[in-house]
Each structure stands twice: as structure tokens, then as C-alpha cells.
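Asker: fold the following for me, if possible:
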Amino acid sequence: MRYPQFALELSLSDEPRLENLIVGKNGEVLAHLYDLVAGTFEPMCLYLWGAGGAGKTHILRSLAVSDQSRYLTAQDFNVPVTVDDTRWFLVDDADEFDSVQQANLFHLFNAVRSLPADDHRHVIVTASCTPARLPEGYLPDLRTRLSWDLVYQLHVLSDAEKAQVLTEQAEQRGLTLGNGVIDYMLRYSSRDLSKLHEFLVHLDGYSLQKKQAVTIPLLKEWLNHSAEV
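Answerer: As a prediction, this is how the structure comes out:
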């Protein structure tokens, strides 16, 4: 769906943060992330996998606010990635890397692994599957290394948990949602939480433009307007 464009600015509450990550079934993962922030996380690598909308990119973006981290996607691995003074290498969607990008991730992994443990350098990797289920032809040595330390599945939030997230995000924006609005969003829009957040941001803009409270009739009107754009 294409949303009508409004002059919107993202507030601080729109930025990914560990504090606004709903735990759900991912409590153990979140505990490790707080250990990482505190400097007490011992494993070199943390591998997080899960379906779209499970929060993988949200987690990496939350960590990327630190000046000691680097957020890296496939394009960054078209060339070798140097270790420099980075402490957290945040590697998103590793399952989508081509052979060159896999080789460069392999070399980065080995370079970080070779550093003293008390240097506290870490590689945090996300993917849509476990290391064992990475695509056929994936670099075998890299596949093995990615499974050496901690591997966790990120579980997608339930609809009730997504409703909690959307309610909190609306409150942070000072947005009052009418009865049934969130249920309607969950029923008729994407189930991906990042898409739902984008949906909420644009709906907020539309309600400001119309100077009306967010109700189901306004939501339907906006959806019809969006379909025409």
C-alpha cells in the first residue's frame, strides 16, 4: 500500500529502542542484549533468526544508536569490512548475502574472533532462518561459525502484544485512538509490526490534516484515499 505523503517528522519515540521492545516470548534474548549494553555479554557472536516482523531490524537499529556500533547490510559487505575501533558489528539479513558478501563476513568474523576476549568485540547477526537452514551453497565455513555461539529464534508477537505496542506508540505520539481502531488495523492491514507502526504514523498525519479524532470511519476514509493515490 502506498500512503499519502504528509509533512511528518519522526519523534524520539518513533526511534527503535530496547526500552520500547515488547518482550513477548523473547525475554532471554532481551536479557542478553542488556548484558551487551552493560559490557557483561561474554559470547563473541549472537545470531538471531525469525520471520519478518519479529523485531530483528528493530533490535539492530536499537543497538546502532551507540557510537561504538556499526549497522551493516549486504551492500556494506561488497568490500571487506575493517575491524577499526567498532565494538558491535550489527549484521542484518545475513541469509540474503551473495558469495562475495559471505566471504567478507567470514573474514570479519575471524578478525573479531582473533581479538582478546576482554576486548569485548561482538558480532550480532540476523537472518530469517537458523544457520543450518541458510540457503544451499552458503559458504560452509561461515555457516559453521555462525552457529558456534548463541543462536536464538525471535518469536513474532501475538495480536494482543501487537495491540499493546500500537497503544503505547499512539500514547507516545499523543494520539487518541477510538474504540476498535487497533483491532481494525490488525484485521485489515499488514501483520508486520514495522508496517503497522508506519501505518499509525501516516494515520496520525491524516487525522491532523483533517483535524479529527482517529475513529474507524476516519480510518476507512484514509484507506480509501490511500488506495486512490
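
Asker: can you name the residues bridging to residue 214?
Answerer: residue 177 (DSSP bridges).

Asker: contacting residues around it?
Answerer: 175, 176, 177, 178, 181, 203, 204, 207 (Cβ atoms under 8 Å, 6 or more residues apart in numbering). Placement of C-beta: from N, CA and C, glycine included.

Asker: run the chain-centre distance for stretch 82-94.
Answerer: 16 Å (Cα atoms, centre = their mean, to the nearest Å).

Asker: I meant stretch 28-46, not that one.
Answerer: With Cα atoms, centre = their mean as the basis, stretch 28-46 stands 17 Å off its chain's centre.

Asker: list the buried ones in it?
Answerer: For stretch 28-46, burial by neighbour count (16 or more other Cβ atoms under 10 Å) applies to 29, 30, 32, 33, 36, 41, 44, 45, 46.

Asker: of all these, which two lie farthest apart?
Answerer: 30 and 44 (19.4 Å; Cβ to Cβ).

Asker: before we move on, the earlier item: got the buried residues of stretch 28-46 as TSV, with pLDDT columns?
Answerer: Formatted as TSV, these follow (pLDDT from 0 to 100):
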residue	pLDDT
29	88
30	87
32	91
33	90
36	90
41	93
44	95
45	96
46	96
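
Asker: now, those that are in helices?
Answerer: Among the buried residues of stretch 28-46, the ones falling in helices (DSSP state H) are 29, 30, 32, 33, 36.

Asker: please verify my assumption that the fourth one contacts residue 59.
Answerer: Yes. Taking contact to mean Cβ atoms under 8 Å, the distance of 6.7 Å between residue 33 and residue 59 places them in contact.

Asker: residues of the helix or strand hosting residue 196 that come out buried?
Answerer: Assigned by DSSP states H and E, residue 196 belongs to helix 193-210. Of the residues in helix 193-210, 193, 196-207 count as buried by neighbour count, 16+ other Cβ under 10 Å.

Asker: quick one: the helix or strand just after it to helix 193-210, angle?
Answerer: Once the chain leaves helix 193-210, the next helix or strand it forms, by DSSP H and E, is helix 216-228. Angle, helix 216-228 to helix 193-210, by axes from the mean of the first three to the mean of the last three Cα atoms, to 10 degrees: 100 degrees.

Asker: so what's the gap between helix 216-228 and the chain middle?
Answerer: Distance, centroid of helix 216-228 to centroid of chain: 28 Å (Cα atoms, centre = their mean).

Asker: quick one: buried residues of the worst-scoring helix or strand of the chain on mean pLDDT?
Answerer: Ranked by mean pLDDT, DSSP states H and E, the helix or strand of the chain with the weakest confidence is helix 216-228, at a mean of 78. Neighbour-count burial for helix 216-228, counted by 16+ other Cβ under 10 Å, picks out 218, 219, 222, 223, 226.

Asker: hey, where'd the strands end up in the chain?
Answerer: 45-49, 69-72, 88-91, 122-127, 150-153 (DSSP state E).

Asker: the second one pairs with which strands?
Answerer: Right, strand 69-72. strand 88-91 (parallel).

Asker: dump the strand it pairs with to CSV, keeping only the CA atoms.
Answerer: Extracted in CSV, the C-alpha atoms of strand 88-91 (Å, rounded to 0.1, in the frame of the first residue of the first chain):
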residue,chain,number,x,y,z
TRP,A,88,29.5,-4.2,17.9
PHE,A,89,29.1,-5.2,14.3
LEU,A,90,25.4,-5.4,13.6
VAL,A,91,24.8,-7.6,10.5
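
Asker: let me see the mean pLDDT of that strand.
Answerer: The predicted model gives strand 88-91 an average pLDDT of 96.
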